[in-house]
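**Student:** next come a sequence and a model predicted from it.
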Amino acid sequence: MGKAIAVHSYKGGTGKTSISANLAALYASNGRNVCLLDYDFRAPSIHVLFKTKINNTLNGYLEERCEITDALHDLSGKYRTKGRLHVGFADPSTEAMREMMTKDRKWEMRALHRTLAAKNTLYSKVEADFLIFDTSPGVSYSSINALASSDFVILVSKLDEFDIEGTKELVHGIYESLGRKTGLLLNRIPTEQFPMGAGQKELEQSMTKIFNLPFLGIIPCYCDIQANGGRHLFAVEQPKHPFSQALLEVIGRVEQHLDAA
């Protein structure tokens with residue numbers, strides 16, 4: 001049986017989508033079969049990173065217009081991964097985004113059942129080792145569905161006060177009721193704020209105390225990644241880059257928590 005991981009944040013701008021896509025690429029590069037699912041229906045962007053012609057979408061699957069396997073795009077050959085890399089894209093059209101904003105709770109409950117059914121299909125028919133959900137920030141229904149369908153949640157935050165306070169409310173207001181194993185990842189930390197030596201351990205202990213969550217790591221704000229502007233996947237193009245290496249450490253910590261479940 002595979003495992004499902006959701007990547008979530010309190011608000012946008014934390015680098016959540018880049019984390020999701022590069023994690024999926026790293027898993028596939030290391031020989032695991034991965035399905036990356038774009039559940040950020042209100043502002044989908046994974047298609048920008050992968051630069052792939054989109055046929056069926058996850059919107060179509062949730063609307064029961066196609067099967068989940070029809071909505072997958074096999075990009076293993078494009079990125080020459082050892083394992084299979086399948087990506088399910090959300091519909092990036094303005095019309096589709098507007099339509100998703102009008103869905104009621106009854107529709108979202110059906111969408112949750114479709115999401116859970118998709119998990120079983122992807123584990124059995126696609127032989128996925130990992131499902132990775134890239135979610136909408138905040139508490140939209142689609143995000144809650146992805147969180148509820150996951151075995152582990154990577155909660156991504158920056159170090160500014162707005163993110164920290166909002167993330168605390170998210171943990172206490174939503175995560176505790178969902179009861180999902182969750183770890184905190186600090187991303188895009190400015191160089192002047194990045195702790196060195198013993199300071200990293202102190203920050204880790206401080207964050208663990210504030211959120212009462214396992215700590216997954218700290219990733220600095222790399223100027224070359226910002227300048228790249230989504231033109232390619234760093235984990236594939238530059239596997240030795242500190243960003244890619246930091247994500248490998250995150251994978252190690254996540255799998256420790258999954259194994260302990």
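**Tutor:** Here it is on my side, so go on.
**Student:** helix, strand, or coil at the closest residue to Asp129 other than its chain neighbours?
**Tutor:** Closest residue in space to Asp129, ignoring its immediate chain neighbours: Arg32 at 4.3 Å, by CB to CB, 6 or more residues apart in numbering. For every residue, glycine as well, the C-beta is placed using N, CA and C. Secondary structure, DSSP: H, G, I helix; E, B strand; the rest coil: Arg32 is coil.
**Student:** count the neighbours of Arg32 for me.
**Tutor:** Residue neighbour count, defined by other CB atoms under 10 Å, stands at 19 for Arg32.
**Student:** quick check: it vs Ala260, distance?
**Tutor:** 19 Å (CB to CB, to the nearest Å).
**Student:** and for Ile210?
**Tutor:** Separation of Ile210 from Ala260 (CB to CB): 22 Å.
**Student:** check Thr52 too.
**Tutor:** From Thr52 to Ala260 the distance is 36 Å (CB to CB).
**Student:** compare these two (neighbour count), which wins?
**Tutor:** The residue with more neighbours, out of Thr52 and Ala260, is Thr52; 13 against 8, by other CB under 10 Å.
**Student:** measure that one to His73 for me?
**Tutor:** 6 Å.
**Student:** overlap of the contact sets of the two?
**Tutor:** 87, 89 (CB atoms under 8 Å, 6 or more residues apart in numbering).
**Student:** how close does the residue lying farthest from the centre of the chain get to Gln205?
**Tutor:** Largest separation from the mean C-alpha position in the chain: Ala198, at 29.3 Å (CA atoms, centre = their mean). Ala198 is 11 Å from Gln205, where distance means CB to CB.
**Student:** what's the answer for Ser9, then?
**Tutor:** 22 Å.
**Student:** so between these two, which is more surrounded?
**Tutor:** Applying other CB under 10 Å to Ser9 and Gln205 shows that Ser9 carries more neighbours, namely 27 against 11.
**Student:** pull the contacting residues for the more buried one.
**Tutor:** Contacts of Ser9 by CB under 8 Å, 6+ apart are 16, 137, 155-157, 163, 167.
**Student:** mind checking which of these land in helices?
**Tutor:** Of the positions in those, 16, 163, 167 sit in helices, assigned by DSSP state H.
**Student:** per-residue pLDDT of the residue farthest from the centre of the chain, please?
**Tutor:** pLDDT for Ala198: 72.
**Student:** check contacts around it.
**Tutor:** Applying CB under 8 Å, 6+ apart, we find Ala198 in contact with no residue.
**Student:** any idea how far it lies from Pro242?
**Tutor:** On the measure of CB to CB, Ala198 and Pro242 end up 20 Å apart.
**Student:** kindly report the same for Thr182.
**Tutor:** Distance of Thr182 to Pro242, computed by CB to CB: 25 Å.
**Student:** more crowded one of the two?
**Tutor:** The residue with more neighbours, out of Thr182 and Pro242, is Thr182; 24 against 13, by other CB under 10 Å.
**Student:** ok so the more buried one is a strand residue?
**Tutor:** Yes. With three-state DSSP as the criterion, Thr182 is located in a strand.
**Student:** I would like the residues contacting the lowest-mean-pLDDT helix or strand in the chain, please.
**Tutor:** Using mean pLDDT, DSSP states H and E, helix 223-228 stands out as the lowest-scoring helix or strand of the chain, at a mean of 77. For helix 223-228, contacts defined as CB under 8 Å, 6+ apart pick out 18, 234, 243.
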